[in-house]
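J.: Give me a 3D structure for the following:
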Amino acid sequence: MAAIMKILIVDDEPAIADTLAYALRGEGFACEHCLLGGAALDRLAAGAGDFALVVLDVGLPDMSGFDVCRQLRRHSDIPVLFLTARADEVDRIVGLELGGDDYVAKPFSPREVVSRIRAILRRLRPDNGQPAASGKPAETDGKAGGRFAVDRAGLRIAFHGCWLDLTRYEYLLLALLLERPGRVLSRMQIMEAVWQDGGDSLERTVDTHIKTLRGKLRAVRDEDVIHTHRGLGYSLSG
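T.: Model prediction:
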């Protein structure tokens, strides 16, 4: 029997948290609620592994949800879904570049939030939502010149025999490029494949993740394998 996944809701409005928790429990999730960002960080520091995902309000009274996420990312890669009353473009970019997985504006439908949560967990937790186990490299991508080894079960990639310390989006982005070596992918194509709900306003997020990914590859070997095609997008050398 599969373990019940628990969601941490961080919102200072009990009515919103209760409504969302009711919808989540109706879909088979367990829930815990924190009113403040500091309390959520303490709870996650004590046991981030207890939770499958965090629903995080941006407008908390003690600290912003962005600050909570920034501190959380120092020690945890747990998925984060932002809730906000400020649905402008800047907030979307900042939220996702900080490591958020999705973004829902208030007022929202609880059913929509549950659907977004399920979509995040499907992307990041294969095999019916259970975390993937690490293992030996499952395959080597010959089209990329044998430089990479991809462990799809363990969600990790090696470069010249060295396992890369990748965030979830860096892994998904590099895996996408490895699937299509030599092919130029636009920012929009990358957003749709990796983030799934991307748009023109989020293209800076792709550039940010490409930059950090290049840095990690160069730390292993000073070799440029991801190429920028000005006005077009990115490709991985074949």
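J.: Can you give me every residue that contacts Val10?
T.: 33-37, 40, 54-57, 60, 65, 68 (Cβ atoms under 8 Å, 6 or more residues apart in numbering). For glycine as for every other residue, the C-beta is placed from the backbone atoms N, C-alpha and C.
J.: separation between it and Leu53?
T.: Distance of Val10 to Leu53, given as Cβ to Cβ, to the nearest Å: 11 Å.
J.: next SSE after the helix ranked longest in the chain?
T.: Longest helix in the chain, counting residues (DSSP state H): helix 203-220. Going down the chain from helix 203-220, the next helix or strand is strand 226-229, by DSSP states H and E.
J.: I'd like to know which elements that next one is packed against.
T.: Here strand 226-229 touches helix 203-220, strand 233-236, going by 3 or more Cβ pairs under 8 Å, 6 or more residues apart in numbering; DSSP states H and E.
J.: Of the ones you listed, which shows the lowest average pLDDT?
T.: The minimum mean pLDDT among the helices and strands packed on strand 226-229 belongs to helix 203-220 (a mean of 85).
J.: so what's Ile4 closest to, chain neighbours aside?
T.: Nearest non-adjacent residue to Ile4, counting by Cβ to Cβ, 6 or more residues apart in numbering: Ala30, 5.0 Å away.
J.: which residues sit in contact with that neighbour?
T.: Per Cβ under 8 Å, 6+ apart, neighbours of Ala30: 4-7.
J.: Pick the one among those residues closest to Thr19.
T.: Taking Cβ to Cβ as the measure, Thr19 sits nearest to Ile7 out of these, at 13.4 Å.
J.: what bridges to that closest one?
T.: Under DSSP bridges, the beta-bridge partners of Ile7 are Cys31, Leu53.
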